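Asker: Structure, please.
(2 chains)
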Number of protein chains: 2
Amino acid sequence: MTAEPVGLGRRERRKARAREKLLTAARQLIAENGVSALRIGDVTDRADLGFGTFYTYFESKEALVEAVVADTLTGLASSIGATAVAASDAARAAADAYRRFLRFATSEPELARLVVELNRADAAFEDSVRPWARETLEHGCASGQFAIEDIELALVSISAAALAAIRAILSGLLEPGPETESRGAEMMLRGFGVDPETAHKIAWLELPDIDTAS
Amino acid sequence: MTAEPVGLGRRERRKARAREKLLTAARQLIAENGVSALRIGDVTDRADLGFGTFYTYFESKEALVEAVVADTLTGLASSIGATAVAASDAARAAADAYRRFLRFATSEPELARLVVELNRADAAFEDSVRPWARETLEHGCASGQFAIEDIELALVSISAAALAAIRAILSGLLEPGPETESRGAEMMLRGFGVDPETAHKIAWLELPDIDTAS
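Answerer: Presented below is the predicted three-dimensional model:
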């Protein structure tokens, strides 16, 4: 997200950086105080830009919030996804990715709330995880760890289940915390055909830290 | 749905029956031609009621369609749920219920489309399946067929996964038909802790017909 845009002139680069600063500031403010307390003046203050410049980058506060949500989803999916695809053990990669997604509900509840409240959140979430999730599942089938007859069905099912679990954690229906995350990952691995003992072991391993703050 | 309302006066009974006739007619017409072709005059014709009486029962065509969706969800959940709760084998009951829900996408695509397009379809779907689905999962845990540590998490996950599969069948992402239904049920049973061989056997048994047209 914060990589320097390439192939742009100086002016375009400066504009892209300013937009990025506004997004980062808004993201921080939403995480701190929730979206209802978000004020454009606070965003431009935090980004160290003039109030008047805001409308060069975003049409409205709503457009900014939408961009934050899209940015959050993409950032989360790409950091978790890159870690998963780089892992040599597909079952471990799938379990860790699932647990990290659920942890997002606890670590950044205000942003997570925005994501699940998004109209058609399921489609946006699925689109953002599909590419690397597919790679992880195919890798697990090739290695013999998974027995999945229909990769597409597994992808659709697990991404919907993870999003629903995030929503249920936020609404208080499910207990937040590592136990729910590991239980869900264990159920997922068993569903993918991992034997129950191995599924249990993998789902309850210590979860290494990665940077999901994009 | 078509049971005679009790505890009402004659006038109220007649009104309830007329409303029911309009709902049934609308449901049939939507199933036949889709919701965009639905005309109030066709609904009252099919219900054998005068056009003018329509507004005694519904504020608008939209209100009628909403009532059809609510009715469809309730009817589907209660007929599938009653069958599941009555079954002695919880694994079989869960697999059959999952398969019947997915079959709805193929047997009544226009109504299924309305259900998944509902705003917050996930919450409505979850609410309608939760009571009997919980009973089936608890029954399976008590009988030792399931090893589920967190019933709530399993409920949330599987109802979201089933709804997402219905959506994916309707959008053409997943192949419609019995194979997808059985594969999903097999994955679900394995997730619930049923051993893979038994899960396979149960998920591919012949599915007895039940009346889901309420």
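Asker: CA only for contacts and neighbour counts going forward, please
Answerer: Will do.
Asker: Find the centremost residue of chain A, please.
Answerer: For chain A, the residue nearest the mean C-alpha position is A:L76 (3.0 Å; Cα atoms, centre = their mean).
Asker: what about that residue, helix or strand, and which?
Answerer: helix A:61-86 (DSSP states H and E).
Asker: Go through that helix and flag the buried ones.
Answerer: Of the residues in helix A:61-86, A:61, A:64-65, A:67-81, A:83-85 count as buried by neighbour count, 16 or more other Cα atoms under 10 Å in any protein chain shown.
Asker: do the same with stretch A:136-148
Answerer: Within stretch A:136-148, the residues that qualify as buried are A:136-141, A:145-148, counting by 16+ other Cα under 10 Å.
Asker: same question, stretch A:85-100
Answerer: A:85, A:90-100.
Asker: Quickly check: it near chain B or not.
Answerer: No - on the criterion Cα under 8 Å from any Cα of the partner chain, stretch A:85-100 is out of touch with chain B, staying 12.3 Å away.
Asker: which outside residues touch that stretch?
Answerer: A:80-81, A:83-84, A:132-133, A:135-137, A:139-140, A:145-146, A:162, A:178, A:181-182, A:184-186, A:188-189, A:194, A:202-203, A:207 (Cα atoms under 8 Å, 6 or more residues apart in numbering or on different chains).
Asker: Same list, these, but only the ones touching chain B.
Answerer: Near chain B, by the rule Cα under 8 Å from any Cα, you find A:162, A:184, A:186, A:188-189 out of those.
Asker: Please name whichever of these scores lowest on pLDDT.
Answerer: Within the set of these, pLDDT is lowest for A:A162 (94).
Asker: Helix, strand, or coil at it?
Answerer: helix (DSSP: H, G, I helix; E, B strand; the rest coil).
Asker: Give me every residue in chain A lying close to chain B.
Answerer: Contact residues, chain A versus chain B (Cα under 8 Å from any Cα): A:119, A:149-150, A:152-154, A:156-162, A:164-165, A:168, A:173-174, A:180, A:183-184, A:186-193, A:196.
Asker: Buried ones among these?
Answerer: Looks like those have A:152-154, A:156-162, A:164-165, A:168, A:174, A:180, A:183-184, A:186-193, A:196 buried, using 16+ other Cα under 10 Å.
Asker: how about A:A165, what does it touch?
Answerer: A:A165 touches A:102, A:174, B:153, B:156-157, counting by Cα under 8 Å, 6+ apart.
Asker: any idea how far A:L118 is from B:E135?
Answerer: Distance of A:L118 to B:E135, computed by Cα to Cα, to the nearest Å: 31 Å.
Asker: wait, I meant A:L102
Answerer: Taking Cα to Cα, one finds A:L102 at 26 Å from B:E135.
Asker: which of the two has more neighbours?
Answerer: A:L102 (27 against 16; other Cα atoms under 10 Å in any protein chain shown).
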